[in-house]
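Visitor: Sharing a model that was predicted from the sequence below.
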Amino acid sequence: MGGQERLRDYRGKRDFGRTEEPEGRTASPGSAPRFVVQIHDASTLHFDFRLQVDDVLKSWSIPKGPSDDPKDKRLAVPTEDHPLDYDEFEGVIPRGEYGGGTVIVWDHGTFEPLSHDRQGRPVDFGESLEHGHARFRLHGSKLHGEYALTRFRKGKDESWLLVKASEGRTGAQGTPDPRRARSARSGRTLAQVAAGGREG
Ligand code: MN
């Protein structure tokens with residue numbers, strides 16, 4: 001299924017005459033896949049975790065946000081594929097529109113797919129997600145190191161867990177308070193973006 005077809009759900013939910021969210025562009029071949037974690041102050045305050053697979057961002061809503069503490073298992077609920085240029089989206093989705101509320105880019109960067117089969121051979125990252133278990137190393141400005149996403153429930157209430165791998169490192173920070181956290185893109189808080197503060 002091509003990216004344009006994959007984005008049908010995303011586009012169907014939105015009126016691009018009203019929201020400034022992107023309609024979508026295609027991937028530049030050969031570059032490292034990207035990830036983004038957004039904080040989204042919508043009907044509920046949550047984090048959105050997105051990993052590039054081909055020319056879309058596979059997406060999960062994470063109520064508590066990702067944690068760098070391997071003891072934390074964070075619930076991740078899949079949402080519709082988003083366009084690649086969503087990784088730069090920060091702003092206010094108008095009230096009454098789908099996902100209405102403020103969005104900041106909490107962290108972004110690239111990731112290395114680490115999924116292997118039982119023989120230790122690398123497997124296609126998108127395929128490993130379809131099979132319900134994927135490992136990857138994040139290179140963000142806040143999140144670093146290896147994480148795994150694992151599906152534990154299928155069907156209508158499909159649910160996953162996002163967990164940091166133990167790599168013998170201490171000093172985990174957990175997840176910062178989303179109301180005080182600052183954008184990795186602009187340094188702004190949710191409140192500053194909501195108030196229409198200028199970037200930079
Ligand atoms: Mn969201």
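Guide: Perfect, I can see it now. Numbering: from 1, shown residues only.
Visitor: Dump the worst-scoring helix or strand of the chain on mean pLDDT to PDB, restricted to CA.
Guide: In the chain, the helix or strand scored least confidently by mean pLDDT, DSSP states H and E is helix 3-6, which has a mean of 76. C-alpha atoms of helix 3-6 as PDB (Å, rounded to 0.1, in the frame of the first residue of the first chain):
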ATOM      1  CA  GLY A   3       1.900   6.300   1.300                       C
ATOM      2  CA  GLN A   4      -0.900   8.300  -0.400                       C
ATOM      3  CA  GLU A   5      -3.300   5.500   0.200                       C
ATOM      4  CA  ARG A   6      -2.100   5.000   3.700                       C
END
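Visitor: can you pull the buried residues of whatever helix or strand comes next after that helix?
Guide: On the C-terminal side of helix 3-6, the nearest following helix or strand under DSSP states H and E is helix 8-12. Within helix 8-12, the residues scored as buried using 16 or more other Cβ atoms under 10 Å are residue 10. C-beta coordinates here come from the backbone N, C-alpha and C atoms, glycine included.
Visitor: Output the contacting helices and strands for helix 8-12.
Guide: Contacts defined by 3 or more Cβ pairs under 8 Å, 6 or more residues apart in numbering; DSSP states H and E place helix 8-12 against strand 74-83.
Visitor: So which other helices or strands are in contact with the strand it packs on?
Guide: helix 3-6, helix 8-12, strand 45-53, strand 56-62, strand 159-164.
Visitor: Only alpha carbons, please: show the second one as PDB.
Guide: As requested, C-alpha coordinates have been extracted for helix 8-12 and formatted as PDB (Å, rounded to 0.1, in the frame of the first residue of the first chain):
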ATOM      1  CA  ARG A   8      -6.500   8.400   3.500                       C
ATOM      2  CA  ASP A   9      -7.600   8.100   7.100                       C
ATOM      3  CA  TYR A  10      -5.400  11.000   8.100                       C
ATOM      4  CA  ARG A  11      -6.800  13.200   5.300                       C
ATOM      5  CA  GLY A  12     -10.400  12.100   5.800                       C
END
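Visitor: Check the closest residue to residue 110 other than its chain neighbours and give its pLDDT.
Guide: Spatially, and ignoring its direct neighbours in sequence, residue 110 is nearest to residue 32 (3.9 Å; Cβ to Cβ, 6 or more residues apart in numbering). For residue 32, the pLDDT comes out at 91.
Visitor: In contact with residue 32, which residues?
Guide: Applying Cβ atoms under 8 Å, 6 or more residues apart in numbering to residue 32 gives the contacts 110-112.
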